[in-house]
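**Student:** Just a sequence and a predicted model for now, questions to come.
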Amino acid sequence: MNEILSIQGLSKSYKSVQAIRKLNLQISEGQAYGILGPNGSGKTTTLSIVTGILRQDEGSFSWFGETPEASQRKSIGSLIETPHFYPYLNLEKNLRIICDIKGMDYRDIHRVLQKAKLYERRRSRFSTLSLGMKQRLGIAAALLGDPRVLVLDEPTNGLDPEGIAEVREVVLEQVKQGKTLILASHILSEVEKICNHVAILKKGELLADGPVKELLAEDEIIELSCNKNEVLKAKLENSGLVKEIETENGLLVLTLNEKVTPSEINAFAFEQNLVIHHLLSRKRSLESQFLELVKEE
Amino acid sequence: MIRRLLHIEQIKLLNYNPFRITLGIYFLAFALGLLIYPAIDKEIPVISLSDLFRFPDVWLFLTWITEPYNILLALVIIMITTKEFNNHTFKTQLIFGLSRNELLLQKLMLVVVLALFATLLLGATSLTLGLIYSYKITFKIALDNTYTLLRYFLSSFAYMSFGLLIALLIKNTAMSLLTFLAFRTFVDPVLFLILRKSEVKWYLPMRTTTQLTPVPNVIEIFQKKLNSPESIDESTLEIIPEGLPDWLNILMVLLYMGLAILASYRLMQRRRFV
């Protein structure tokens, strides 16, 4: 697979704050790569550096296997934080400026405005748009010229639920066409729905990266209680059925091994002459897994 | 690419109201000049301002009179550049593929275009007035002194590159405008007064720029006319000799312009556009 973006040992600090620290990422062609992390984890800083707005303190990055150059950005469609355009120009004229920068003709403008559901507003000044519309114009600008790489930083920021769904659809369509997507988000479900690869950042450091399926796998968790909790706990620990056992408010909380069902646990307890009087299956949500991953040590 | 960069500036400027207004004032100032001077003329007996509109004097006179108009052009450059900071549009242009050097080049090309425009406007106005008020017109007389147009171009360029530097340095529109105007109308003249005993006063940046379009000796020509009304046709304007030798003055302006552009380049490389 062709390399699209490679980041090596990237560091950046603002005065006293270390925004990112020795970050390494590899993104290949056709990947939908999510950069997931809470606010202040360095997502925007990373994307600002690779899109030429910020200079790194240390480390390097390369686009398409080459040293970074302004002209490479012409084949990348980016939206970093909130989109900024000329407030007194209408949408069409704002996009013409982008076309001129990218060295393409104006024919694509109508297509992207229609995609972003802004075609009717094409003659309105940018300053008259609502927050959500501005965000959609940012996405329209990123789609101009059908770039092979999209870099989107929190693209659904400020959108209403309908807008979020529409943007998601547009982005997914790009992914299906084989475009490379780099998506920064603090919303787990967004990354889960759109991306196939994910890197999790926390305080500027890479916590984990890999395929979404592996990294964000769901574990089955059950809570139960029986007449002799301590006995059952000791027996289960050696049974090979569970990964983890914890005691919570007089209940046993079990993280099951793969393909183990709650009824097997019940049967196991029955064999040991223990009577379970409470058994509840609770799937640990991805959300809590994510929170756990980025939680303070 | 150069044409593209200019086209981008064109889209930004022609739809920008403050630019349209300033340019309107600039045109008006030229047009009013054409209308007002002849009107004043009727109220002053013996002395006729139209004497100054004859070839080849008209070139020197109008260049000197319209020099302050360049301040307006510098204000335009300051407004359009600081607005890019306020609207975060330098950032947008970077993201979509311009380099930092291209951002600066874009503004410098705008400076050149506006300076050319101002020079052409001055040239056309001078030519029109000259054709109207001259008694006798020959090529030699008409085109004498046209080199002042080059000085005007340089003056215009210098004003705007100084404005660009201030805009990149300060970033805030109102503060930049004030700083520029303060330099032109207050700081430089006051320094000139303080240094009046020293030759250094002629090396002040704004002073060298205003010296590009020097004061013609208007009084002298009127005195000549009062003394012998007939001989006026033959006498032409003289430049009051003061300040640095001409070549040194031009060199100093070029040096200051070079420094301003170099500093702008450095600033553009270092600025954070987030």
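**Tutor:** Thanks, I have the structure now. Numbers count the residues shown, from 1 in each chain, chains lettered A, B, ... in the order given.

**Student:** tell me which strands and helices whichever helix in chain B runs longest is in contact with?
**Tutor:** Secondary structure of chain B per DSSP state H: the longest helix is helix B:100-133. Under the contact definition 3 or more Cβ pairs under 8 Å, 6 or more residues apart in numbering or on different chains; DSSP states H and E, helix B:100-133 sits against helix B:2-14, helix B:17-41, helix B:57-65, helix B:69-86, helix B:89-95, helix B:148-170, helix B:246-270. All C-beta spots, glycine's among them, are computed from the backbone N, C-alpha and C.

**Student:** Can you read off the pLDDT for residue 152?
**Tutor:** Defaulting to chain A. Looking at A:Leu152, its pLDDT reads 96.

**Student:** actually chain B
**Tutor:** Model confidence at B:Tyr152, given as pLDDT, is 94.

**Student:** pretty sure it contacts B:Leu121?
**Tutor:** No - the criterion here is Cβ atoms under 8 Å, and B:Tyr152 misses it with B:Leu121 at 9.9 Å.

**Student:** So the two - more neighbours on which side?
**Tutor:** Remark: of B:Tyr152 and B:Leu121, B:Tyr152 carries more neighbours, 27 against 16, as counted by other Cβ atoms under 10 Å in any protein chain shown.

**Student:** on that earlier part again, following the chain past the longest helix of chain B, name the next helix or strand.
**Tutor:** helix B:139-143 (DSSP states H and E).

**Student:** Now that following helix: buried residues?
**Tutor:** Within helix B:139-143, the residues that qualify as buried by neighbour count (16 or more other Cβ atoms under 10 Å in any protein chain shown) are B:141-142.

**Student:** So which other helices or strands are in contact with it?
**Tutor:** On a contact count with 3+ Cβ pairs under 8 Å, 6+ apart, helix B:139-143 meets no helix or strand.

**Student:** Need the contact partners of that helix.
**Tutor:** Applying Cβ atoms under 8 Å, 6 or more residues apart in numbering or on different chains, the contact partners of helix B:139-143 are B:55-56, B:130, B:134.

**Student:** Run through the residues that contact the residue of the stretch 151-297 of chain A found nearest chain B.
**Tutor:** Of all residues in the stretch 151-297 of chain A, A:Val151 sits closest to chain B, at 8.6 Å by Cβ to the nearest Cβ. Contacts for A:Val151 were tallied using Cβ under 8 Å, 6+ apart; they are A:47, A:50-51, A:76-80, A:142, A:182.

**Student:** Listing request: residues of the stretch 1-150 of chain A with sub-threshold pLDDT.
**Tutor:** A:1 (pLDDT under 70).

**Student:** residues near residue 131, how many?
**Tutor:** Going with chain A. A:Leu131 sits with 12 neighbouring residues when counted by other Cβ under 10 Å.

**Student:** wrong one, chain B
**Tutor:** By other Cβ under 10 Å, the residues close to B:Leu131 number 13.

**Student:** Touching, it and B:Ile137? I think so.
**Tutor:** Yes - taking Cβ under 8 Å as the definition, B:Leu131 is a contact partner of B:Ile137 at 6.9 Å.

**Student:** For the longest helix of chain B, buried residues please.
**Tutor:** Buried residues in helix B:100-133, counted by 16+ other Cβ under 10 Å: B:100, B:102-108, B:110-111, B:114-115, B:118-119, B:121-123, B:125-127, B:129-130, B:133.

**Student:** What of stretch A:168-181?
**Tutor:** Those would be A:168, A:170-171, A:174-175, A:179-181, for stretch A:168-181 by 16+ other Cβ under 10 Å.

**Student:** between the residues you listed, which is nearest A:Arg136?
**Tutor:** A:Val170 (9.2 Å; Cβ to Cβ).

**Student:** Could you say which helix or strand holds the closest one?
**Tutor:** Here A:Val170 sits within helix A:161-176, counting by DSSP H and E.

**Student:** what's near enough to touch the residue in the stretch 101-250 of chain A that chain B sits nearest to?
**Tutor:** Closest to chain B within the stretch 101-250 of chain A is A:Ile101: 4.7 Å, counting by Cβ to the nearest Cβ. A:Ile101 makes contact with A:74, B:4, B:8, B:93, B:96-98, according to Cβ under 8 Å, 6+ apart.

**Student:** and those residues as CSV, adding neighbour count and distance to A:Glu162?
**Tutor:** Formatted as CSV, the contacts of A:Ile101 follow (neighbours: other Cβ atoms under 10 Å in any protein chain shown; distance: Cβ to Cβ, whole Å):
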residue, neighbour count, distance to A:Glu162
A:Lys74, 18, 32
B:Arg4, 16, 37
B:Ile8, 21, 34
B:Gln93, 24, 31
B:Phe96, 26, 28
B:Gly97, 22, 32
B:Leu98, 26, 34
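
**Student:** For those, give me TSV that also has distance to A:Lys93.
**Tutor:** Formatted as TSV, these follow (distance: Cβ to Cβ, whole Å):
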residue	distance to A:Lys93
A:Lys74	20
B:Arg4	15
B:Ile8	11
B:Gln93	14
B:Phe96	15
B:Gly97	18
B:Leu98	17
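
**Student:** shaky segments in the stretch 151-297 of chain A?
**Tutor:** If you take pLDDT under 70 as the line, the stretch 151-297 of chain A has these spans: A:216-219, A:283-289, A:293-297.

**Student:** swap the cut-off to 80 and go again
**Tutor:** Residue ranges of the stretch 151-297 of chain A with pLDDT under 80: A:213-221, A:240, A:258-259, A:281-297.

**Student:** mind listing the helices in it by residue range?
**Tutor:** Assigned by DSSP state H, counting those that start in this stretch, the helices in the stretch 151-297 of chain A fall at A:161-176, A:188-194, A:212-215, A:229-237, A:262-271, A:286-294.

**Student:** Ranking these by mean neighbour count, which comes first?
**Tutor:** Of all the helices of the stretch 151-297 of chain A, helix A:188-194 has the most neighbours on average by mean count of other Cβ atoms under 10 Å in any protein chain shown, namely a mean of 19.

**Student:** elements contacting that one?
**Tutor:** Of the remaining helices and strands, those touching helix A:188-194 by 3+ Cβ pairs under 8 Å, 6+ apart are strand A:32-36, helix A:161-176, strand A:180-185, helix A:286-294.

**Student:** thinking again about what came up before, go back to the contacts of A:Val151 and keep what's next to chain B.
**Tutor:** A:51, A:78, A:80 (Cβ under 8 Å from any Cβ of the partner chain).
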